[in-house]
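Undergrad: Take a look and give me a structure for this.
(one chain, ligands or ions: 1)
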Amino acid sequence: MTPAIQVQDLTKKFNDLVAVNHISFEIEQGEIFGLLGPNGAGKTTTLSMLSTMQKPTQGTAIVQGKDVEKNEDDVRKAIGIVFQDQSLDEELTAMENMDFHGRLYRIPPDVRAQRTDELLRLVELYDRKHDIVKTFSGGMRRRLEIARGLLHHPSVLFLDEPTLGLDPQTRNHLWQYIASLSKEKHITIILTTHYMEEADRLCDRIAIIDHGTIIALDTPQNLKNGIGGDIITITTSDPATVVQILTKPWIHRVEQHHDKIRINLENAEQHISEIISLLNQHSIPIHSVSIHKPTLEDVFLSFTGKTIREQEIDGKEMMRMHRKMMRH
Ligand SMILES: Nc1ncnc2c1ncn2[C@@H]1O[C@H](COP(=O)(O)OP(=O)(O)OP(=O)(O)O)[C@@H](O)[C@H]1O
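TA: This is a model prediction of the structure:
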């Protein structure tokens, strides 16, 4: 089967800034594919190029067999888009918002009405279809946007930070809808997120993106398996000494991150008491100790040397993030 999306060497520059830097990947039909990365990594810009909203500086992107630059209209017919900017009309009802979108896509009135009912049921907004959007919660609006994005029966759905700013319960709820679209309707979904858990729970495969480059691409499980073993995290006021003395052959890797030491090893439970005694022998103060299986955060850290949440962001970037949050 032809892949739903084929990206080759895709690049976007804004003057001197390389927002997306020669990325290549393929997405299978019906797959949920996540672009995971910190703020400013280039996720939205990638989606914008795939959805024909921005022209690539270099490289190609093929969506359902159509080139995003040469066959813009065909690509637009094949895709549904739910981007970060809220674009619902607050003064209209859920049904009116759907109807307006259906008219834009020239869907005949009877088909429009039938699909609207079906989709509003799917996202559990059918009972609220005559209510104006102004009265909807953030999660309801997001669900309505997804329903609207599906009205013209796209085979590929782009979701840019679908759960940004939503509470954990609503986020969970939305994940179920997104998963059902892929499993039951066989819609290919490409989403961006900087929530590790979202990528882990929802995506069949993940491309971890940083500074416009894909630094890792695989299933969440394989990415975590790539780290191997367990992680012991120790917080201490003397991390430099801990790094020096933890030189046992059964330790794969020791990384210092501020006052935290992350130790990668097999069978952490068996070795933890030995590590603690060793630190006690050297009178190293221990503030906290925890053991966990590798997470995507550990994957990101091992590739970039920094945590996904601790990016250095300047004031301008802070303002940009704040504006995005305020839109939801
Ligand atoms: N229209 C633009 N003009 C100039 N620079 C831009 C433009 N759009 C994005 N950028 C810059 O390109 C880089 C990538 O931005 P992008 O929005 O794609 O990142 P992101 O990974 O989606 O981040 P976020 O999670 O904050 O949405 C950032 O440095 C951003 O400031």
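Undergrad: what's the nearest residue to the residue of the stretch 101-250 of the chain found nearest the ligand if we skip its chain neighbours?
TA: Nearest residue of the stretch 101-250 of the chain to the ligand, counting by Cβ to the nearest ligand atom: His194, 5.4 Å away. Backbone N, C-alpha and C define where each C-beta goes, glycine included. The spatially closest residue to His194, leaving aside those adjacent along the chain, is Pro38, at 5.8 Å (Cβ to Cβ, 6 or more residues apart in numbering).
Undergrad: So the one you found versus Gly212, what's the distance?
TA: 12 Å (Cβ to Cβ, to the nearest Å).
Undergrad: immediately after the helix ranked longest in the chain, which helix or strand?
TA: The helix spanning the most residues in the chain, taking DSSP state H as the definition, is helix 168-185. Elements were assigned by DSSP states H and E; along the chain past helix 168-185, the next helix or strand is strand 188-193.
Undergrad: quick one: contacts of that next one?
TA: Defining contact as Cβ atoms under 8 Å, 6 or more residues apart in numbering, one finds that strand 188-193 is touched by 4-5, 27-37, 43-44, 46-47, 50, 155-163, 178, 181-182, 199, 202-203.
Undergrad: Quick one: name the residues of the stretch 1-150 of the chain near the ligand.
TA: Remark: the part of the stretch 1-150 of the chain in contact with the ligand comprises Phe14, Leu17, Ala19, Gly37, Asn39, Gly40, Ala41, Gly42, Lys43, Thr44, Thr45, using Cβ under 6 Å from any ligand atom.
Undergrad: can I get these in TSV with secondary structure and distance to Asn280?
TA: Formatted as TSV, the entries for these read as follows, by DSSP: H, G, I helix; E, B strand; the rest coil; distance: Cβ to Cβ, whole Å:
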residue	secondary structure	distance to Asn280
Phe14	strand	53
Leu17	strand	50
Ala19	strand	49
Gly37	coil	40
Asn39	coil	40
Gly40	coil	43
Ala41	coil	41
Gly42	coil	46
Lys43	helix	45
Thr44	helix	49
Thr45	helix	50
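Undergrad: The ligand versus Leu88, what's the distance?
TA: Remark: distance between Leu88 and the ligand (Cβ to the nearest ligand atom, to the nearest Å) = 20 Å.
Undergrad: hang on, that residue packs against Asn97?
TA: Yes: under the criterion of Cβ atoms under 8 Å, Leu88 lies in contact with Asn97, with a separation of 5.4 Å.
Undergrad: Give me the more crowded residue out of those two.
TA: A count of neighbours by other Cβ atoms under 10 Å puts Asn97 above the other of Leu88 and Asn97, at 25 against 19.
Undergrad: that older thread, what about the residues of the stretch 1-150 of the chain next to the ligand, which one has the most neighbours?
TA: With neighbours set by other Cβ under 10 Å, the maximum within these is found at Gly37, which has 28 neighbours.
Undergrad: Identify the residues contacting that residue.
TA: Contact analysis of Gly37 by Cβ under 8 Å, 6+ apart lists Lys43, Thr192, His194, Ile208, Ile209, Asp210, Ile308.
Undergrad: Name all residues that make contact with the residue nearest to it when sequence neighbours are not counted.
TA: Closest residue to Gly37 apart from its sequence neighbours, by Cβ to Cβ, 6+ apart: Ile209 at 3.8 Å. Under the criterion of Cβ under 8 Å, 6+ apart, the neighbours of Ile209 are Ile23, Leu35, Leu36, Gly37, Ala41, Gly42, Lys43, Thr46, Ile215.
Undergrad: On the pLDDT front, check the last one for me.
TA: Spelled out, it's Ile215. With respect to pLDDT, Ile215 has a value of 94.
Undergrad: can you give me phi and psi for it?
TA: In terms of degrees, to the nearest 10, the main-chain angles of Ile215 are phi -100, psi -20.
Undergrad: what's the answer for the second one, then?
TA: When quoted as degrees, to the nearest 10, the phi and psi of Leu35 stand at phi -100, psi 110.
Undergrad: now swap in the third one and tell me
TA: Note on Leu36: backbone dihedrals following degrees, to the nearest 10 are phi -110, psi 130.
Undergrad: where are the low-confidence patches of the stretch 51-200 of the chain?
TA: Applying pLDDT under 70 to the stretch 51-200 of the chain picks out no residues at all.
Undergrad: ok, which stretches of the stretch 151-300 of the chain are strands?
TA: 156-160, 188-193, 205-210, 213-218, 230-236, 251-257, 260-265, 286-292 (DSSP state E, counting those that start in this stretch).
Undergrad: Who does the third one pair with, and is each partner parallel or antiparallel?
TA: Using DSSP bridges, the neighbouring strands of strand 205-210 in the sheet come out as strand 32-36 (parallel), strand 213-218 (antiparallel).
Undergrad: next one: the fifth one
TA: Partner strands for strand 230-236, per DSSP bridges, with pairing direction: strand 260-265 (antiparallel), strand 286-292 (antiparallel).
Undergrad: Report how many residues lie close to the residue lying closest to Gln6 once chain neighbours are set aside.
TA: If the residues on either side of it in the chain are set aside, Gln6 comes closest to Ile62, at 4.3 Å by Cβ to Cβ, 6+ apart. For Ile62, the tally of surrounding residues (other Cβ under 10 Å) stands at 20.
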